[in-house]
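here is the input, now give the coordinates:
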Amino acid sequence: MKCSIFIDKEKTEEVIIYAREKTELVEKIRELCTNESREIFGKKDRQIYRLEIPEIVCFLSENNKVFAMTDKEKYEVDKRIYELEEICPDSFIKINQSCIANIDKIKSFGSTLSASLTVSFKNGYRDYVSRRQLKYVKERLMKNENE
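Below you'll find the predicted structure:
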């Protein structure tokens, strides 16, 4: 991969990637460029932890608190769901009023007898897609599949 850096104090900082296909390296470069000032800190057992956004399975709201769930742990965060929605990268999608899911951490989708859509994550957590978000979730998944 060829890399060029041009220093110009008059220009706005920008990273442009030309690639033949979307690869893991291209995605990591994109995440690095878009996440440099996006740190999430979570609290657990009176300790504060720096959380890597790509490692977060989902953000969920329970009992008026917001949590970041990773593969093994659940941390309380000091941000609201709408604030997290604004700073999360494109790999996150709001699936219902109280959950923002990392598409990369979804294992499968299923339907229930009541015709709602359930989401199973790779860490075993399960949630649902609200009727309000269903169309948007389907569109985003189709878009990701085509890329």
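
so the closest residue to residue 74 other than its chain neighbours, which state does it fall into?
Among residues not flanking residue 74 along the chain, residue 67 sits closest, at 5.1 Å (C-beta to C-beta, 6 or more residues apart in numbering). All C-beta atoms are positioned from the backbone trio N, CA, C, and that covers glycine. Under DSSP: H, G, I helix; E, B strand; the rest coil, the three-state class of residue 67 is strand.

go ahead and confirm residue 67 touches residue 57.
No: between residue 67 and residue 57 there is no contact under C-beta atoms under 8 Å: 10.5 Å.

now do the contacts for the residue nearest to residue 74.
Residues counted as contacts of residue 67 (C-beta atoms under 8 Å, 6 or more residues apart in numbering) are 42, 59, 60, 61, 74, 75, 76, 77.

buried subset of those residues?
The neighbour count (16 or more other C-beta atoms under 10 Å) marks 42, 59, 60, 61, 75, 77 as buried among the contacts of residue 67.

out of the contacts of residue 67, list just those in strands.
Secondary structure from DSSP state E places 42, 59, 60, 61, 74, 75, 76, 77 of the contacts of residue 67 in strands.

of the residues you listed, just say which sits nearest to residue 19.
Among the ones in strands among the contacts of residue 67, residue 59 lies closest to residue 19 (C-beta to C-beta), at 29.4 Å.

what about the closest one, distance to residue 45?
Counting by C-beta to C-beta, to the nearest Å, the gap from residue 59 to residue 45 is 19 Å.

same question, residue 89
Using C-beta to C-beta, residue 89 is found at 28 Å from residue 45.

okay, the two: which has more neighbours?
A direct count of neighbours by other C-beta atoms under 10 Å for residue 89 and residue 45 places residue 89 higher, at 15 against 7.

reformat the ones in strands among the contacts of residue 67 as TSV; add pLDDT and distance to residue 50.
Output for the ones in strands among the contacts of residue 67, formatted as TSV (pLDDT from 0 to 100; distance: C-beta to C-beta, whole Å):
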residue	pLDDT	distance to residue 50
42	95	8
59	97	16
60	96	20
61	96	21
74	96	16
75	97	10
76	97	14
77	97	12
